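Student: quick one, structure for this:
(one chain, ligands or ions: 2)
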Amino acid sequence: MLDWLHQTLTSTVTHAVIGALMPIYDFLVDGSSRYHWIYVLSGLIIAAYAYRKHSTAMSFETTLLDKQVWLSKSAINDYIIVVVTPVLRLTVLSGLALNWKAVSATIVTVLESAGVSGLTHDANVMALGVALTVTLFLVDDFLRWYAHYTFHRIPELWEFHKVHHSAEVLNFATAERHHPVETIMTSSLLFLGYGAVNGIFIGLFGEKLTVTTVAGANVFLFAFNVCGGVLRHSPFWVSFGPRIEKWIISPAMHQIHHSNKPEHFDKNLGGALSVWDRMAGTLHIPRGREIEGFGIGEETQDFRSLQVIFLRPFTAAGSLLRKRFSRATDEQETQPAAHQASTHSITA
Ligand SMILES: [Zn+2]
Ligand SMILES: [Zn+2]
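Tutor: Ligands and ions are numbered 1, 2, ... in the order given. Okay, here's the model as predicted:
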């Protein structure tokens, strides 16, 4: 018993230390991280170019060195979340994340039992590898959009997503400012998609296909991130112009998503592509710098407290759930057939 306790404690502490060091690894090595150094460098070059080309009210240097952006309470909370989330993921929440390899293996087994051979001619391997790379990127981007859309539409989930929208300034770390529940739910959905696509391709064509990656990231995601992906969460307003923004979410478009103006609520939920928003009617292409500030109205200030950030989503979502159940029970008693699910729109 003592041995077990000792081993569990040692392994938890080890995982906690690894989790705490993860942001450094993400910055230096992991191309799938949104603040990998290559993206930060390319983003700063793009912002410097854009600010010099279009003379702006504030210069590139003044914007970059704005203390509020990097040292305000909102920014410091971003840094704490960046460290706390991987620690929680690798310790108390480790059992909750879905394993994409298990999903992939299950699909391969199902296809095998259905008589699918899983073999392809060597000449097709390269073309199929490209198809796999494109499919993985599209499925991943759609699922990111869908998860984000759901977190905006369902009131109980919105309570968790408020953590991201309560940022008062945007800096590179704000990209990771999410409640751990949202992080786990979204990454599980993405793993499910990644495992499913891999399983289908392996089941149909065998294991020889390779995904094209750069620095460990899908080449299309790398390309998107290198073209200013990091500026989505930054003090820089960088727009690509309406013709490109019909297809790609620019940094300015994501800043519209964080805007505290009601006409911007629930708009531009996409990751890299704006086609999903266009199809759902949630696309907003800015005409000039439309933003005045970020946040969720009066409640924003409450989220300067870490206790509110980590705990309020549970209590708020719990009380919404209780109301939902008691309303459903009342409706059943008075009018059994008439129930319609309520949808959410942000009221900040
Ligand atoms: Zn959002
Ligand atoms: Zn954001």
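Student: can I assume His258 is in contact with Ala167?
Tutor: Yes. Contact criterion CB atoms under 8 Å: His258 and Ala167 qualify, at 6.8 Å. The C-beta positions use only the backbone N, C-alpha and C, and glycine is treated the same way.
Student: alpha carbons only: can I get the one helix or strand Thr62 maps to in PDB?
Tutor: According to DSSP states H and E, Thr62 maps onto helix 60-64. Taking C-alpha atoms only, helix 60-64 is exported to PDB below (Å, rounded to 0.1, in the frame of the first residue of the first chain):
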ATOM      1  CA  PHE A  60       4.800  48.800 -34.500                       C
ATOM      2  CA  GLU A  61       7.300  49.400 -31.700                       C
ATOM      3  CA  THR A  62       4.900  51.200 -29.400                       C
ATOM      4  CA  THR A  63       2.200  48.500 -29.900                       C
ATOM      5  CA  LEU A  64       4.700  45.700 -29.300                       C
END
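Student: chain center to that helix, what's the gap?
Tutor: Between the centre of helix 60-64 and the centre of its chain there are 27 Å (CA atoms, centre = their mean, to the nearest Å).
Student: show the average pLDDT along the host helix or strand of Ser326.
Tutor: Following DSSP H and E, one finds Ser326 within helix 306-334. Mean per-residue pLDDT for helix 306-334: 90.
Student: so the residue nearest to Gly195 when sequence neighbours are not counted, which state does it fall into?
Tutor: Spatial nearest neighbour of Gly195, chain neighbours left out: Val103 (2.8 Å); criterion: CB to CB, 6 or more residues apart in numbering. At Val103 the chain is in helix, as set by DSSP: H, G, I helix; E, B strand; the rest coil.
Student: contacting residues around Val103?
Tutor: Neighbour list for Val103: 191-192, 194-196, 199 [criterion: CB atoms under 8 Å, 6 or more residues apart in numbering].
Student: pretty sure Phe201 is touching Leu132, no?
Tutor: Yes. Applying CB under 8 Å, one finds Phe201 in contact with Leu132, separated by 4.9 Å.
Student: please say which of those two ends up with more neighbours.
Tutor: Each of Phe201 and Leu132 has its neighbours counted (other CB atoms under 10 Å); Phe201 has more, 24 against 21.
Student: distance of the more buried one relative to Phe224?
Tutor: 22 Å (CB to CB, to the nearest Å).
Student: swap in Gly43?
Tutor: Taking CB to CB, one finds Gly43 at 12 Å from Phe224.
Student: same question for Ala127.
Tutor: 23 Å.
Student: out of those two, which sits in the busier spot?
Tutor: Neighbour count, other CB under 10 Å: between Ala127 and Phe224, Phe224 has more, with 20 against 11.
Student: confirm that one sits in a strand?
Tutor: No. Phe224 is assigned helix when assessed by three-state DSSP, not a strand.
Student: got the residue ranges for the helices in the stretch 1-150 of the chain?
Tutor: 2-28, 37-53, 60-64, 67-71, 73-90, 100-113, 125-153 (DSSP state H, counting those that start in this stretch).
Student: can you tell me the closest non-neighbouring residue to the residue nearest the centre of the chain?
Tutor: Centroid-nearest residue in the chain: Arg144, 6.3 Å away (criterion: CA atoms, centre = their mean). Among residues not flanking Arg144 along the chain, Gly271 sits closest, at 4.1 Å (CB to CB, 6+ apart).
Student: how many neighbours does that neighbour have?
Tutor: Gly271 has 21 nearby residues by other CB under 10 Å.
Student: and the pLDDT for the residue nearest to Gly195?
Tutor: Val103 carries a pLDDT value of 92.
Student: Arg287 versus that one, what's the distance?
Tutor: In terms of CB to CB, Val103 sits 43 Å off from Arg287.
Student: now do Met22
Tutor: Distance from Met22 to Arg287, counting by CB to CB: 40 Å.
Student: who's more crowded, those two?
Tutor: Applying other CB under 10 Å to Met22 and Arg287 shows that Met22 carries more neighbours, namely 19 against 8.
Student: the more buried one contacts Leu88, doesn't it?
Tutor: No. In terms of CB under 8 Å, Met22 does not count as a neighbour of Leu88; the distance is 11.2 Å.
Student: could you list the low-pLDDT ranges of this protein?
Tutor: For the chain, applying pLDDT under 70 flags the ranges 335-348.
Student: out of the contacts of Val103, which end up buried?
Tutor: Buried positions within those, assessed by neighbour count (16 or more other CB atoms under 10 Å), are 191, 194-196, 199.
Student: mind putting those residues into CSV with distance to Ala317 and secondary structure?
Tutor: Output for the buried ones among the contacts of Val103, formatted as CSV (distance: CB to CB, whole Å; DSSP: H, G, I helix; E, B strand; the rest coil):
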residue, distance to Ala317, secondary structure
Phe191, 23, helix
Tyr194, 27, helix
Gly195, 28, helix
Ala196, 28, helix
Gly199, 33, helix
